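> the sequence and its predicted three-dimensional model are supplied below.
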Amino acid sequence: MSAILPIWSLTQREIVRFLRQRSRVTGAFAQPIIFWVLFGVGLSGSFRMPGAAEGGLSYQAYFIPGIAAMIVLFTAIFSSISVIQDRNEGFMQGVLAAPVPRSSLVLGKIMGGTLLAFVQALLFIGLALLLKATGLVTLEFSLSLGRFVASCLLILLMGLGLCGLGFFFAWRLDSVQGFHAIMSVLLFPMWLMSGAFFPSEGSGWLKWIIAINPMTYGVAGLRRIMFPESSAALPSLAVCFAVTALFAVVMVTIDTLLARRPQT
């Protein structure tokens with residue numbers, strides 16, 4: 001019980017910080033929509049998705065799980081930057097000196113980013129459904145109540161894992177510039193090679209990198225939930241949930257052990 005209050009306090013602090021930064025709020029909602037519209041329209045004539053010859057998925061529909069994963073990834077990145085900022089401003093030292101478990105610090109920071117990612121991803125999916133209902137965009141997907149709940153659970157697990165990964169790098173780095181370098185070299189390619197932007201079929205040797213990428217299974221799980229009739233070549237939904245959950249547990253455990261080490 002002693003850990004609940006600090007976890008909630010740190011989580012609430014991340015949410016309040018996000019809402020007070022208007023440029024960050026605008027970018028968080030505008031960037032995924034711009035990506036979806038531009039790539040969806042621009043690549044629709046260049047890419048032929050699996051089953052497109054039989055009236056299957058359009059590229060805009062195929063790209064929806066990838067954009068949801070991008071929202072989770074980018075939110076995890078920007079929320080993890082606050083770890084470096086808090087350290088440089090002295091706030092982190094005060095939290096480390098407080099008589100609370102170090103695990104509450106880890107969970108509070110990770111849960112804040114996860115909730116922000118979860119809400120933003122759901123808003124985007126809701127926007128896609130609204131555009132389909134109004135007829136402005138032709139999309140070949142719908143969500144029943146059960147599939148919606150499964151999507152929510154999978155997005156939460158993805159958020160925990162990716163926020164945990166961002167926390168791992170932010171904890172070990174001292175500069176925001178260094179964190180952005182890691183983002184460019186590792187985290188953004190994780191999204192590109194997760195099946196979010198292009199299918200693994202026919203991608204040559206990249207399919208092996210896609211197979212070992214933990215983010216692949218979150219994207220594949222969302223695609224199986226949203227388009228079950230066009231996902232026969234993807235891993236099963238049980239495998240997607242198991243790998244995504246395992247990745248989240250491993251990252252949170254590593255972050256907790258890292259935070260318990262003495263800090264100079």
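Here it is on my side, so go on.

> give me the low-pLDDT residue ranges for the stretch 1-150 of the chain?
Scanning the stretch 1-150 of the chain with the threshold set as pLDDT under 70 gives 1-2, 43-57, 136-138, 140.

> in it, which spans are strands?
All residues of the stretch 1-150 of the chain lie outside strands when identified by DSSP state E, counting those that start in this stretch.

> so for the protein, the centremost residue is which one?
The centroid of the chain falls nearest to residue 72 when counting by Cα atoms, centre = their mean (2.3 Å).

> contacting residues for the residue nearest to that one when sequence neighbours are not counted?
Nearest residue to residue 72, sequence neighbours excluded (Cβ to Cβ, 6 or more residues apart in numbering): residue 117, at 4.3 Å. For every residue, glycine as well, the C-beta is placed using N, CA and C. Residue 117 makes contact with 71-72, 75-76, 79, 155, 158-159, 162-163 under the criterion Cβ atoms under 8 Å, 6 or more residues apart in numbering.

> redo that, cut-off 10 Å
28, 68-69, 71-76, 78-79, 155-156, 158-160, 162-163 (Cβ atoms under 10 Å, 6 or more residues apart in numbering).

> and it, how far is that from residue 106?
Counting by Cβ to Cβ, to the nearest Å, the separation of residue 117 from residue 106 is 17 Å.

> all helices for the stretch 51-200 of the chain, in order.
59-89, 91-97, 102-134, 145-172, 176-182, 188-191 (DSSP state H, counting those that start in this stretch).

> how far does the third one sit from its chain's centre?
If I follow you right, that is helix 102-134. On the basis of Cα atoms, centre = their mean, to the nearest Å, helix 102-134 sits 8 Å off its chain's mean C-alpha point.

> circling back to that earlier point, can I get the helices of the stretch 51-200 of the chain in TSV with distance to residue 14?
As requested, these are exported to TSV (distance: least, Cβ to Cβ, whole Å):
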stretch	distance to residue 14
helix 59-89	6
helix 91-97	12
helix 102-134	3
helix 145-172	10
helix 176-182	16
helix 188-191	22
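
> isn't residue 14 up against residue 82?
Yes. Proximity of residue 14 to residue 82 meets the contact threshold set by Cβ atoms under 10 Å, at 6.7 Å.

> shared neighbours, those two?
Taking Cβ under 10 Å, 6+ apart as the criterion, residue 14 and residue 82 both touch 109, 112-113.

> out of these, which are buried?
109, 112-113 (16 or more other Cβ atoms under 10 Å).

> which among the residues you listed gets closest to residue 35?
residue 113 (19.9 Å; Cβ to Cβ).

> which one is the closest one nearest to, not counting chain neighbours?
Nearest non-adjacent residue to residue 113, counting by Cβ to Cβ, 6+ apart: residue 79, 3.1 Å away.

> surely that neighbour and residue 118 touch.
No. Residue 79 is beyond contact range of residue 118, at 11.8 Å (criterion: Cβ under 10 Å).

> so who does residue 169 touch?
Neighbours of residue 169 in contact, by Cβ under 10 Å, 6+ apart: 77, 80, 83-84, 178-179, 181-183, 186-187.
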